[in-house]
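Trainee: Build me a model:
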Amino acid sequence: MLLPLKPLVHNVAEISKLAWGTCFAPICVPRRAYKLLPCLRRKSGIQYGTIDNMVKAHSRNFKKGLLSTLDTSLSPVTVTEIRQYLRANNISFHDGYSCLHVPSPFTVAEDNCLFIDKTTGRFLCKDTLLEGSWEDYQDSVGMLQKEGCQYLSPDYMAGLLGDSDGESAEEQTDEIEVRRIWDRAVWFSDLDEEDARLVKTMFSISKIPNLTLKKFGVKCYFPTKNLVFPWYNPRDCAMKGLKLLSVEYQDQSVRYDEATYPRPARYNNLFGLSVMGKKETEVVITSREVDCLAVHQATGMTTVSLPRGVTCLPPVLLPYLEQFKRITLWLGDDLHSWDASKQFARKLSVKRCSLIRPGDKQPTPLQALNEGLSLTKLLKAALPASHKSIISFRQLREEVFGQLENVDQISGVKWARFPELNKLLKGHRKGELTVFTGPTGSGKTTFISEYALDLCTQGVSTLWGSFEINNIRLAKMMLTQFAVLRLEEQLEKYDEWADKFENLPLYFMTFHGQQNIKLVLDTMQHAVYMYDINHVIIDNLQFMMGQENLFTDKFALQDYMVGAFRKFSTDNNCHVTLVIHPRKEDDDKELQTSSIFGSAKASQEADNVLILQDRKLASGPGKRHLQLAKNRFDGDVGMFAMEFNKSTLTFSTNKNKTKLKKVNKDNEMQIDPPSDEAPAKGKK
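Mentor: Residues are numbered from 1 along each chain as shown. Below is the predicted model:
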């Protein structure tokens, strides 16, 4: 993603003009201009430290809001380093659950209203809503000490830490749209009784009275029968955004669709925050706004809802949850919600978290309310997120039953574009390591791009580490695969598809070429924490290794890297896909698991081994075939043919001709004929 160019400043007059302006625009100061600063201090009358810090702060590229590219330029910081810095500067702090609480340099308030994330070092001042990196906080403290004043102007600092170019056209459009929808939406108490009953029935909230809906600010946009959930500014209760919930009926099933303003990546509303008391010590967190309303209606407890459901818990929301000594996570009634509950509990500190286990007797909060169940009893039965030890099967009994009862969910997320892969691999599961290989030039990157994009469109948060091709080229290829169109020939459709593509939970590392393995793992760890990444692609392992340590055993180095990625996958419950080139084989031979470059460690550590075969099979036409050579989940292996569409850069299977070749446990080949294939002649 390209950053806007900053104006180049060459002389004192230009710097002085910017310094005395109503707001500070980002500036780039060439090295020769630094000798002008003493003259500027004398002529402008600006205090000594202001210019130094202005240049220092402006010269850094603030990337707030650019969520699709991970900033790897800032060095990671540990909580020990943060504590040492605070003590060295005589800054008092309180050690919280997820954050350190310190006095804010942007207000005169004496309470600890600024929160520093223990994992990333990012800060949020709850009084001014200023936020920034650990380096930004250090600059602010240094500026405060040099100026010798009580606090730094929030308006001035907002120009440094935020989008100093002002509101973008997108933000202005969102603001206008938010105001238009909010003004046209009506309170349920102002609707006709029949209309209100109709809308409540559509969303199954008939047991939520109008008084509760108004307390939480919920309106109805009646022209389209939408529920409207507001996002209030926690400082002054001004409107920051909206979420619209619509209902759609398909084949006797109900599906709920969400639309947010601003776009999902920038929508960080903690619904229910506006009615939260400052002295509350217990809270229930739900994944849907309607569940939040149900819990509060049934129990009267403080309840909030996450902005993106079970997909992500943005760290920027953690400071608002610091006041609670006990947090109950009730995110849904399926195993995906259960996994998300355990993942979010680690962010929030497992010591204070309890989880509602999904099950027939513990449905979603709204369903429990409608069925007349006691939500108070269900909350009291919540399980602690952490156990000191597991001493018997009794503690695992419910977990095992849940996996047996929900076999489809345990098998993982299904591919929409590769149904034959579902028959073999069953699905994409967290915590696994997949090794993918294929001949040079066979289309490994192109296939794995579509393979990952398929999952990403279904909500699997994905991080791409492309070390061989740059991110612009990769994004162009993925956008073409996403649209299934040759966009260079239909440029008028670019913005439409780019807007949709931008809303995917997709992120890219900024690395290219050989990289230090520790730096890559630190970036992956950061991405898992910040964006709850579920899938990481490393393309490819040999290119990432480069020519580093020429005198080191390259096989030992590769084994170390494979082991590191395996450990990361297990520790973070995150799926890692490693692309590895094969060793040189004869052209007339098919690749095998033993063909993977290096020692046997890669195939041994992997849960799944996928091979893109690019040669003619003796029993079939000359096409590319995808082979599953290892499947630790249930042992099924096999292969199926694929056709490549060069114009859309997509792989597909011909459903009328493709036969899935599946190998059972006895290594006997089984052929599953297509469902629409005609019976063979002469067969009775």
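
Trainee: Specify the residue ranges that define each domain of the protein.
Mentor: According to automatic domain parsing, the chain comprises the domains 5-166, 171-404, 419-663.

Trainee: of all those, which lies closest to Val413?
Mentor: Nearest of the domains of the chain to Val413, taken as Cβ to Cβ: domain 419-663 at 4.6 Å. Heads up, the C-betas are built off the backbone N, CA and C, glycines and all.

Trainee: what about the helices in the stretch 151-300 of the chain?
Mentor: Using DSSP state H, counting those that start in this stretch, the helices of the stretch 151-300 of the chain run over 154-161, 169-184, 193-202, 210-215, 289-299.

Trainee: Could you provide the domains of the chain in a markdown table, with additional columns for mean neighbour count and mean pLDDT?
Mentor: Putting those into a markdown table (neighbours: other Cβ atoms under 10 Å; pLDDT from 0 to 100) gives the following:
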| stretch | mean neighbour count | mean pLDDT |
| --- | --- | --- |
| domain 5-166 | 16 | 66 |
| domain 171-404 | 17 | 89 |
| domain 419-663 | 18 | 86 |
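
Trainee: Mind naming the longest helix for this structure?
Mentor: helix 554-572 (DSSP state H).

Trainee: which other helices and strands contact that one?
Mentor: In terms of contacts (3 or more Cβ pairs under 8 Å, 6 or more residues apart in numbering; DSSP states H and E), helix 554-572 is packed against strand 433-437, helix 517-531, helix 541-545, strand 575-579, helix 601-605.

Trainee: Kindly reformat those as TSV containing distance to Asn631.
Mentor: As requested, the helices and strands packed on helix 554-572 are exported to TSV (distance: least, Cβ to Cβ, whole Å):
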stretch	distance to Asn631
strand 433-437	10
helix 517-531	25
helix 541-545	21
strand 575-579	14
helix 601-605	12
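
Trainee: so which of the ones you listed gets nearest Gln252?
Mentor: Going by Cβ to Cβ, the one of these nearest Gln252 is strand 575-579, 33.5 Å.

Trainee: Alpha carbons of that closest one, as CSV, please.
Mentor: This file holds the C-alpha atoms of strand 575-579, laid out as CSV (Å, rounded to 0.1, in the frame of the first residue of the first chain):
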residue,chain,number,x,y,z
HIS,A,575,-2.3,-22.8,10.8
VAL,A,576,1.0,-22.3,9.0
THR,A,577,1.5,-23.2,5.3
LEU,A,578,5.1,-23.6,4.2
VAL,A,579,5.9,-23.5,0.5
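
Trainee: Now do that strand against strand 433-437, angle only.
Mentor: Interaxial angle of strand 575-579 relative to strand 433-437 (axes from the mean of the first three to the mean of the last three Cα atoms, to 10 degrees): 20 degrees.

Trainee: strands paired with strand 575-579, and their directions?
Mentor: Strand pairing for strand 575-579, using DSSP bridges, gives strand 433-437 (parallel), strand 535-539 (parallel).

Trainee: Okay, and the residue nearest to Val310 when sequence neighbours are not counted sits in which element?
Mentor: Take Val310 and drop its neighbours on the chain: the residue closest to it by Cβ to Cβ, 6 or more residues apart in numbering is Ala340, 3.8 Å away. Per DSSP states H and E: Ala340 is located in helix 335-348.

Trainee: ok, back up a step: dump the helices of the stretch 151-300 of the chain into a markdown table; add distance to Ile517 as well.
Mentor: Formatted as a markdown table, the helices of the stretch 151-300 of the chain follow (distance: least, Cβ to Cβ, whole Å):
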| stretch | distance to Ile517 |
| --- | --- |
| helix 154-161 | 32 |
| helix 169-184 | 38 |
| helix 193-202 | 52 |
| helix 210-215 | 52 |
| helix 289-299 | 42 |
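
Trainee: Can you check which of those helices gets nearest to Arg87?
Mentor: helix 154-161 (23.9 Å).

Trainee: could you dump the closest one to PDB, C-alpha only?
Mentor: Output of helix 154-161 as PDB, limited to C-alpha atoms (Å, rounded to 0.1, in the frame of the first residue of the first chain):
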ATOM      1  CA  PRO A 154      -4.200  17.100  22.700                       C
ATOM      2  CA  ASP A 155      -5.200  19.000  19.500                       C
ATOM      3  CA  TYR A 156      -1.500  19.400  18.600                       C
ATOM      4  CA  MET A 157      -0.600  15.800  19.400                       C
ATOM      5  CA  ALA A 158      -3.600  14.600  17.400                       C
ATOM      6  CA  GLY A 159      -2.000  16.100  14.300                       C
ATOM      7  CA  LEU A 160       1.200  14.200  14.900                       C
ATOM      8  CA  LEU A 161      -0.300  10.900  15.900                       C
END
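
Trainee: if we can go back for a sec, for Ser411, find the nearest of the domains of the chain.
Mentor: Across the domains of the chain, closest to Ser411 is domain 419-663 (Cβ to Cβ), at 3.9 Å.

Trainee: ok, back up a step: for the residue nearest to Val310, give me its contacts.
Mentor: Ala340 makes contact with Ser287, Val310, Thr311, Leu331, Gly332, Asp532, according to Cβ atoms under 8 Å, 6 or more residues apart in numbering.

Trainee: And Lys361, by the same measure?
Mentor: Listed by Cβ under 8 Å, 6+ apart, the contact partners of Lys361 are Leu373.

Trainee: Give me the helices and strands touching the longest strand anywhere in the chain, please.
Mentor: Ranked by residue count and defined by DSSP state E, the top strand of the chain is strand 239-250. Secondary-structure packing of strand 239-250 (3+ Cβ pairs under 8 Å, 6+ apart): helix 169-184, strand 226-232, strand 253-261, helix 289-299.

Trainee: Distance to Gly148 for those - can I get that in TSV?
Mentor: What follows is those, written out as TSV (distance: least, Cβ to Cβ, whole Å):
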stretch	distance to Gly148
helix 169-184	36
strand 226-232	37
strand 253-261	43
helix 289-299	46
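
Trainee: Out of the ones you listed, the one nearest Met544 is which?
Mentor: helix 169-184 (34.9 Å).

Trainee: Send me the closest one as CSV with only the CA atoms.
Mentor: In CSV, the C-alpha atoms belonging to helix 169-184 read as follows (Å, rounded to 0.1, in the frame of the first residue of the first chain):
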residue,chain,number,x,y,z
ALA,A,169,-12.9,11.4,1.2
GLU,A,170,-13.9,7.9,2.4
GLU,A,171,-14.2,9.1,6.0
GLN,A,172,-16.3,12.2,4.9
THR,A,173,-18.5,10.0,2.8
ASP,A,174,-19.0,7.6,5.8
GLU,A,175,-19.8,10.5,8.1
ILE,A,176,-22.5,11.8,5.7
GLU,A,177,-23.9,8.3,5.3
VAL,A,178,-23.9,7.6,9.0
ARG,A,179,-25.8,10.9,9.7
ARG,A,180,-28.3,10.2,6.9
ILE,A,181,-29.1,6.7,8.1
TRP,A,182,-29.3,7.7,11.8
ASP,A,183,-31.6,10.6,11.1
ARG,A,184,-34.0,8.5,9.1
